[in-house]
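**Q** prediction below, plus the sequence it came from.
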Amino acid sequence: MAQYRSKRYRTSADKRDRSKTYPLAEAIATLKAMPATKFDQTVTLAFRLGVDPKQSDQMVRGTCPLPHGSGKNVRVLVFAEGAAAEAARVAGAEHVGFKDMIEKCNGGFQDFDVAVATPAAMSEVRKLGKVLGPRGLMPNPKTGTVTDDTAAAVKALKAGRVEFKLDKNGNVAVPVGKFSFSPEQLVDNGTAVIDAVVKARPASAKGRFVDNITLSATMTPGVSVDASPFLKLAAQ
């Protein structure tokens, strides 16, 4: 398949040593040395975890505030009424409502990235499980998206708080910024994300928790990241 890769991809691949596991800062420097694209690529950390995704007590899920934001305009929908709805509007939520928003979502509306709901609204919002669930948009107390403080939730999401969740193959992928970010910004954001995922280790997980970490941008090959410094800190 290598011969079918684009010239840019092959040039990017030549910038890294596939046999090497890089410290985070060096991995970011290696990524930044790869050719840029016409658009601002998203930079992502992908984790292969040593847990069984079929076991409910080994679910890995959480949130992480990015010190320098995600570089993305996060569109927020809030299911709320009354004061909570007004607070969400003032905080900058793009879409706010209750039964009208539920009806809109049932009709196929998808012009948002994150959904927030008040606890009172959840009795109806839960009925959207088949609509929001497959897209990972169902509000959840564990990620701070079910709350009466809608303003705080909206502000946190707008500021660059990211969510992460184990997929069915035992992987977690988390955006840490844009290719245009400075190396220092990506190191800060990447460090925050790795710390958050390591700390989300389930109590029932046995043996090695992080099998490997790979750093990549939208159009680049992956760069292997050394997880050991973060695992040592977590063990202290």
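**A** Here it is on my side, so go on.

**Q** got the contact list for the spatially most central residue of the chain?
**A** Residue closest to the average C-alpha location in the chain (CA atoms, centre = their mean): residue 174, at 3.6 Å. For residue 174, the set of contacting residues under the criterion of CB atoms under 8 Å, 6 or more residues apart in numbering consists of 44, 45, 46, 47, 64, 162, 164, 193, 197. No exception for glycine: its C-beta is placed from N, CA and C like everyone else's.

**Q** what about those residues, which are in strands?
**A** 44, 45, 46, 47, 64, 162, 164 (DSSP state E).

**Q** tell me the mean pLDDT for the biggest helix by length in the chain?
**A** Using DSSP state H, we find that the single longest helix of the chain is helix 183-199. For helix 183-199, the per-residue pLDDT values average out at 96.

**Q** same question for stretch 150-159.
**A** Here the average pLDDT along stretch 150-159 is 94.

**Q** residues of that stretch that come out buried?
**A** When burial is assessed from 16 or more other CB atoms under 10 Å, stretch 150-159 yields the following buried residues: 150, 151, 153, 154, 155, 156, 157, 158.

**Q** circling back: out of the ones in strands among the contacts of residue 174, which are buried?
**A** Under a neighbour-count criterion of 16+ other CB under 10 Å, the subset of those counted as buried comprises 44, 45, 47, 64, 162, 164.

**Q** quick one: these as JSON lines, columns for pLDDT too.
**A** What follows is those, written out as JSON lines (pLDDT from 0 to 100):
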{"residue": "44", "pLDDT": "97"}
{"residue": "45", "pLDDT": "98"}
{"residue": "47", "pLDDT": "97"}
{"residue": "64", "pLDDT": "93"}
{"residue": "162", "pLDDT": "90"}
{"residue": "164", "pLDDT": "92"}
